[in-house]
Every structure is written in structure tokens, then in C-alpha cells.
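In: I need the structure of the sequence given here:
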Amino acid sequence: MSKKNKTPLEPAMEITSEVLRENNIAFEVKNKGYHISIRTDKNRYDYWPTTGKWMKNSDFKIQTGGITQLVEEILEEKKLHQDDIVDRIFSKDIEVMDTEELKETIYLLCDYISKNVK
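Out: Numbering: from 1, shown residues only. Model prediction:
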């Protein structure tokens, strides 16, 4: 993408930060704001605010859908992770779980809540 098609950094970062915070998505600013790194339980996402391009580390395919598509992808991943935790908790009768399995399930639930509930 040529320089003339890039969004100036300041407004791009402002919009990006606002959207990520509104969706409770933690992020790390790198390279003075030209690169944003987002880590989830399963993936790392790289986003470049001035171009609107992003990439997930599991496939390294550059996406061009901007911050909106990136947030949709991350929220869907979080929902699937939440569903996995709920399924795990309710797939077995808690009374038949051994102590270690119960501890691990509770840990996963607490970890999920701490990262995703405001």
C-alpha cells in the first residue's frame, strides 16, 4: 500500500484504542503505535492501524478487514473458549471429578472471568 493510502497514525490509533477498550480486548502498543499486538488464550494477533491490516499467528495470512473484522474474530474466539469451559464444567458430574481435575476446571473458569469480565 502506498503512503498516500495510509491513514495518519494519530486518528488511527485513537479509533483502534477506543474500539479495543470498548470490547474489553487487552493490547500492547509497539513501534510507536504503528503495530498493535493482541494476545488471546489461543492466538496472537498483529494489527497495523494505519493500513487496517491484521494477521493471526496461527495462519500468518494478512487480512484487510480493519479493526472491525479483527474485533469480530477475537470476540468469536473468546466465545468459543467460553463455550469450551462451560462444556468442560458440565460434561462431567462434579461429584465424580478428582481433586486435580476439579482444581484445573475452577482455575480455567477463574482465569477466563479475570480476563473477560469487567
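In: now do Glu76: how many residues are near it, please.
Out: Residues near Glu76, counting by other Cβ atoms under 10 Å, number 10. Any C-beta I mention is one placed from the backbone N, CA and C, and that applies to glycine too.
In: let me know the pLDDT of Lys78.
Out: Lys78 is assigned 82 on the pLDDT scale.
In: right, and Thr40 touches Lys78 too?
Out: Yes: contact criterion Cβ atoms under 8 Å: Thr40 and Lys78 qualify, at 6.9 Å.
In: who's more crowded, those two?
Out: The neighbour comparison of Thr40 against Lys78 (other Cβ under 10 Å) goes to Lys78, with 19 against 16.
In: what strand or helix carries that one?
Out: helix 66-91 (DSSP states H and E).
In: which helices and strands does the following helix or strand past that helix pack with?
Out: Downstream of helix 66-91, the next assigned helix or strand under DSSP H and E is helix 99-116. The elements that helix 99-116 packs onto, with contact taken as 3 or more Cβ pairs under 8 Å, 6 or more residues apart in numbering; DSSP states H and E, are helix 66-91.
In: tilt between the helix it packs on and helix 99-116?
Out: Orientation check (axes from the mean of the first three to the mean of the last three Cα atoms, to 10 degrees): helix 66-91 against helix 99-116 gives 150 degrees.
In: buried set for helix 66-91?
Out: 66-67, 70-71, 73-74, 77-78, 81, 85 (16 or more other Cβ atoms under 10 Å).
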